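A.B. asks: The sequence and its predicted three-dimensional model are supplied below.
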Amino acid sequence: ICLVDTFELVEDKQLGMFTNENTERVQRQKDAPIFVIIGNPPYNAGQVNENDNNKNRKYPAIDKRVAETYAKDSKASNKNALSDPYVKAFRMASDRIIKTGEGLVCLVTNNGYLDGIAFDGMRMHLLRDFNQVNIVDLKGNIRKDSMKDGIPLGEEHTVFGLGAMVGITIALCVRLQSRPTHLLKYWDVHFRSKRVEKFRLLTEAVSLSGLGMRILEPTSNNVWLTDGMADDWETLIPLGSKEAKAGRAEAVFSTVSNGVKTNRDIWAYNFTKDALISHMRTHISEYNSWIGRLNAAGSVANLDAFIEVDDTKMSWSRDLKLDLKRGRMCRFDESCVRTSLYRPFTVEHLYFDRIMNEEVYVFPKIFPLPASENAVICVSGVGSSKPFQTLVSNTIPCLDMLEKTQCFPLHIYNEDGSNRRDNITDWGLQQFHQHYQAPSITKLDVFHYVYGILHDPAYREKYAANLRRELPRIPFAADFWKVAGVGKKLMDMHVHYEQQPEYPLTEVWSDGKPKDYKVVKMKRDKKDPTKLIYNESLTLFGIPANVDDYKLGNRSALDWIVDQYQVSVDKRSGIKNDPNRADDPTYIVRLIKKVVTVSVETVKLVTELKGS
């Protein structure tokens with residue numbers, strides 16, 4: 001849009017960033033049109049389920065520009081968020097203004113680019129491409145902001161209502177050839193502000209100057225919102241990184257892995273082994289049949305249009321379609337049925353296979369065989385919306401066991417199960433030897449120490465903002481052996497939670513109801529959290545008050561059990577997942593009592609870390 005007069009109005013009366021001294025420059029610009037690009041582009045990073053077949057439209061030219069700018073200069077390992085249409089709108093608008101010479105871009109979009117990990121390159125280019133970037137952050141991310149204090153937000157907190165449950169920003173970016181400086185200005189509402197209040201504040205402000213915007217100083221790694229980030233973070237020891245894995249940097253662990261990502265959990269996970277085997281035989285058979293159909297058809301220009309989607313037979317994913325194109329047959333192998341920590345203190349059977357899992361990452365070298373012994377410290381991954389969390393596992397963890405789970409294994413194997421070796425580096429061990437002047441410290445001691453530090457409430461509080469942006473770094477505590485000792489006790493208890501003593505809860509049976517331990521859906525009593533309604537026949541009493549102090553994310557360990565151990569039926573596939581064990585009917589009620597013990601003892605041990 002070529003609007004010279006409009007730009008003058010925006011410049012002089014709305015932006016509040018130029019003085020009357022610019023009158024001569026504005027008059028000069030009337031000879032050369034100023035371009036103003038205004039829009040509210042769609043924001044949707046991608047389809048949730050590949051079976052929906054509703055991918056974002058491809059724009060080869062602009063996709064290439066995003067790849068060679070925003071994506072190229074991002075240090076994130078997962079850059080899928082950059083495929084969002086609003087990101088392409090920013091790139092397209094920026095390129096148009098750069099080509100023209102100068103102008104203004106005003107876009108109303110998702111606010112994920114303000115602090116999203118994958119958007120570091122985009123943030124860098126926005127400040128390069130424009131002389132001034134003005135951000136009005138209206139918040140409103142229902143899922144993310146609800147996590148800040150545990151109190152849910154509602155539709156009235158959003159800007160556009162139920163149609164857009166994400167956070168919203170107004171970005172007003174100005175490019176002027178006569179201004180060599182690059183400035184970032186920011187204003188935001190409180191995350192609990194309601195839509196009516198947000199609109200009132202904007203109306204009363206009239207212009208950006210009326211909002212009282214503040215100048216932000218981005219960090220060297222293109223972080224804009226630095227509130228709460230600790231200054232000494234960079235002095236701590238990195239646990240692991242992509243650079244360390246590639247041999248370009250030092251870290252405590254040489255190998256870090258995501259948890260396993262199946263993209264078809266309904267099919268690839270189940271509490272019951274026989275049910276999992278049956279479902280996967282069906283899935284694999286259907287997949288292989290499509291290889292035969294594709295071979296018979298010869299060349300297919302549009303694979304998505306060629307295949308048929310039937311949720312009752314299989315679940316497609318991006319990588320599975322690539323395997324189909326390659327003609328990779330999949331043979332059912334019962335040895336692929338493994339145990340996996342699906343959610344905290346929730347073990348299910350997993351079909352562990354490179355074709356049937358979207359990504360197995362490094363786990364064929366961490367747990368190469370069912371009998372391979374190992375331990376992995378799992379932490380919530382970069383960009384997690386929940387409070388930092390950690391849990392150790394001696395079996396394969398799911399990517400969503402903790403949010404975006406990252407795993408630090410004690411050992412690494414060859415994929416045939418041979419050549420077990422330490423995953424803690426000699427460099428990492430040397431740091432502890434030198435700092436504590438204690439050559440007796442072993443790599444296993446360091447492993448325990450790391451787990452202890454990650455549970456320290458003071459550490460989590462001080463570095464909360466940093467832990468959302470990066471993998472953990474570790475400080476040197478005053479008392480190494482105290483932290484390592486607590487870490488070892490925590491680790492032994494969390495790995496062997498099923499072997500812990502049962503907390504003495506009272507079982508009260510309802511009159512007139514049969515004595516039955518079968519679970520359908522448990523629930524905590526909101527008015528009396530010391531009570532758990534197990535089923536219509538049984539209620540458990542005597543849950544200690546501090547059981548909810550041990551949290552993994554926003555749920556306590558006990559609430560994870562209540563949430564996961566229920567009978568569920570998937571609406572798409574019809575697959576049933578039943579946690580009840582016919583050969584061990586009291587397993588779940590015993591598990592509850594053991595997890596209560598784990599919770600209470602964890603709270604005690606974490607208290608010991610204070611002052612370490």
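C.D. replies: On my side now, so go ahead. Numbering: from 1, shown residues only.

A.B. asks: ok, which stretches of the stretch 251-400 of the chain are helices?
C.D. replies: 265-268, 273-297, 303-306, 318-326, 363-366 (DSSP state H, counting those that start in this stretch).

A.B. asks: next one: the stretch 51-200 of the chain
C.D. replies: For the stretch 51-200 of the chain, the helices defined by DSSP H, counting those that start in this stretch occupy 60-66, 85-100, 120-129, 142-146, 195-205.

A.B. asks: Select, out of those helices, the one closest to residue 412.
C.D. replies: Minimum separation from residue 412 across the helices of the stretch 51-200 of the chain (CB to CB) falls at helix 120-129, 29.4 Å. Any C-beta I mention is one placed from the backbone N, CA and C, and that applies to glycine too.

A.B. asks: which helices and strands does that closest one pack with?
C.D. replies: helix 85-100, strand 168-175 (3 or more CB pairs under 8 Å, 6 or more residues apart in numbering; DSSP states H and E).

A.B. asks: Swap in 10 Å and give it another go.
C.D. replies: Contacting helix 120-129 under the criterion 3 or more CB pairs under 10 Å, 6 or more residues apart in numbering; DSSP states H and E are the following elements: helix 60-66, helix 85-100, strand 132-137, strand 168-175, strand 183-188.

A.B. asks: Give me the mean pLDDT for the third one.
C.D. replies: Pointing back at strand 132-137 there. The average pLDDT for strand 132-137 rounds to 95.

A.B. asks: just the second one next, same as before
C.D. replies: Averaged across helix 85-100, pLDDT comes to 93.

A.B. asks: Can you give the distance of that helix from its chain's centre?
C.D. replies: In terms of CA atoms, centre = their mean, to the nearest Å, the centre of helix 85-100 is found 28 Å from the chain centre.

A.B. asks: still on that earlier bit, mind putting the helices of the stretch 51-200 of the chain into JSON lines with distance to residue 277 and mean neighbour count?
C.D. replies: Shown next, in JSON lines, are these (distance: least, CB to CB, whole Å; neighbours: other CB atoms under 10 Å):
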{"stretch": "helix 60-66", "distance to residue 277": "41", "mean neighbour count": "14"}
{"stretch": "helix 85-100", "distance to residue 277": "41", "mean neighbour count": "20"}
{"stretch": "helix 120-129", "distance to residue 277": "44", "mean neighbour count": "20"}
{"stretch": "helix 142-146", "distance to residue 277": "35", "mean neighbour count": "18"}
{"stretch": "helix 195-205", "distance to residue 277": "50", "mean neighbour count": "14"}
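
A.B. asks: out of these, nearest to residue 342?
C.D. replies: Among these, helix 142-146 sits nearest to residue 342 (CB to CB), with 20.9 Å.

A.B. asks: Tell me where the stretch 401-550 of the chain has helices.
C.D. replies: Going by DSSP H, counting those that start in this stretch, the stretch 401-550 of the chain shows helices at 426-436, 443-455, 457-462, 464-469, 480-495.

A.B. asks: Return the set of buried residues in the fourth one.
C.D. replies: I take that to be helix 464-469. For helix 464-469, the neighbour count (16 or more other CB atoms under 10 Å) marks 465-469 as buried.

A.B. asks: what do you get for the last one?
C.D. replies: Neighbour-count burial for helix 480-495, counted by 16+ other CB under 10 Å, picks out 480-491, 493-495.

A.B. asks: Kindly calculate the angle that it makes with helix 443-455.
C.D. replies: Going by axes from the mean of the first three to the mean of the last three CA atoms, to 10 degrees, helix 480-495 is angled at 80 degrees with respect to helix 443-455.

A.B. asks: mind listing what the nearest residue to residue 513 once chain neighbours are set aside touches?
C.D. replies: Excluding its sequence neighbours, the residue lying closest to residue 513 (CB to CB, 6 or more residues apart in numbering) is residue 537, at 4.0 Å. Contacts for residue 537 (CB atoms under 10 Å, 6 or more residues apart in numbering) come out as 508-518.

A.B. asks: try residue 451
C.D. replies: Listed by CB under 10 Å, 6+ apart, the contact set of residue 451 reads 375, 377, 390-392, 408, 483-484, 486-491, 494.

A.B. asks: Going by distance to residue 63, which of the residues you listed wins?
C.D. replies: Set against residue 63, the nearest of these by CB to CB is residue 408 (34.7 Å).

A.B. asks: Tell me how many other residues surround the closest one.
C.D. replies: By other CB atoms under 10 Å, the residues close to residue 408 number 28.

A.B. asks: Show me what it bridges to in the sheet.
C.D. replies: With DSSP bridges as the criterion, residue 408 is bridged to residue 377.
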